[in-house]
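In: Dropping a prediction and its sequence here:
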Amino acid sequence: MNFITFKEQFKNFSIFSVNDIRMIDPGFFNQRLVEWQKKGYIKKIIRKFYIFSDTEINEQLLFLIANKIYKPSYISFETALAYYGLIPESVYKISSASTNKTSVFNTSTGKFFYTTVHKKLFFGYKLIDYKKENFVIATAEKALLDFFYINSHIKTKNDILELRINEGVSKDVIKIPVLDEYLDRFQNKTLERKIKIFKEYIKNA
């Protein structure tokens, strides 16, 4: 398969893997990928995952890449909170939750962090369309819970103030009944205390 044919076959793939290629062309010769990288046609993200060199890098694509290169995972923590406008945006890394071991991938397109969560806490996410694909991201409520859960240093109202949480957006985006339902599934008293402080914070803002 020459590159022109290859690009036509994969024009709807924002990111593609060796497995994706083999599904379409079982006899594909991997050396082609090395040649195309040298010619600047494609870029390697991590082992076995690639994008076309002319692909525009944006936030949604980074989320999709994060989902694809380490499964199962969903975007969460400060990355999801920034996506919903709850905290200022961070350009440093893409943070995800996964049932696999905690890992970091420093790639040509960005830095991807994965924090282990227990299987029983792997819930509260949704699919968002991106071009002809979709990425998986925590709901605003679950992202908040995930973030408070893994950050043991957040204990007081002052700690929450330092996060610069947008009170107005919080009132619009965070659905308290959903937050309470998800919180109950954690069965964690420390997290319950943090959420109580958070509720008081946005109520009095």
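Out: Yep, that arrived.

In: Wait, a strand at residue 64?
Out: No. Counting by DSSP: H, G, I helix; E, B strand; the rest coil, residue 64 falls outside a strand, being helix.

In: Outline the domain layout of this protein.
Out: According to the domain assignment given by automatic domain parsing, the chain is divided into the following structural domains: 3-52, 59-203.

In: and the end-to-end length of the longest one?
Out: What it means is domain 59-203. Domain 59-203 stretches 31 Å from its first residue to its last (Cα to Cα, to the nearest Å).

In: what's residue 153 in contact with, if anything?
Out: Contact partners of residue 153, counting by Cβ atoms under 8 Å, 6 or more residues apart in numbering, are residue 159. Backbone N, C-alpha and C define where each C-beta goes, glycine included.

In: so where do the helices sit in this structure?
Out: 3-9, 18-24, 31-38, 59-69, 77-83, 140-150, 157-162, 167-173, 176-186, 189-203 (DSSP state H).

In: Pull the distance from the third one to the chain's centre.
Out: Centre-to-centre, helix 31-38 and its host chain are 29 Å apart (Cα atoms, centre = their mean, to the nearest Å).

In: got the contact list for that helix?
Out: Among residues not part of helix 31-38, those counted as contacts by Cβ under 8 Å, 6+ apart are 1, 3, 6, 18, 42, 43, 44, 50.

In: Quick check: buried residues in it?
Out: Neighbour-count burial for helix 31-38, with 16 or more other Cβ atoms under 10 Å as criterion, is recorded at 32, 33, 36.
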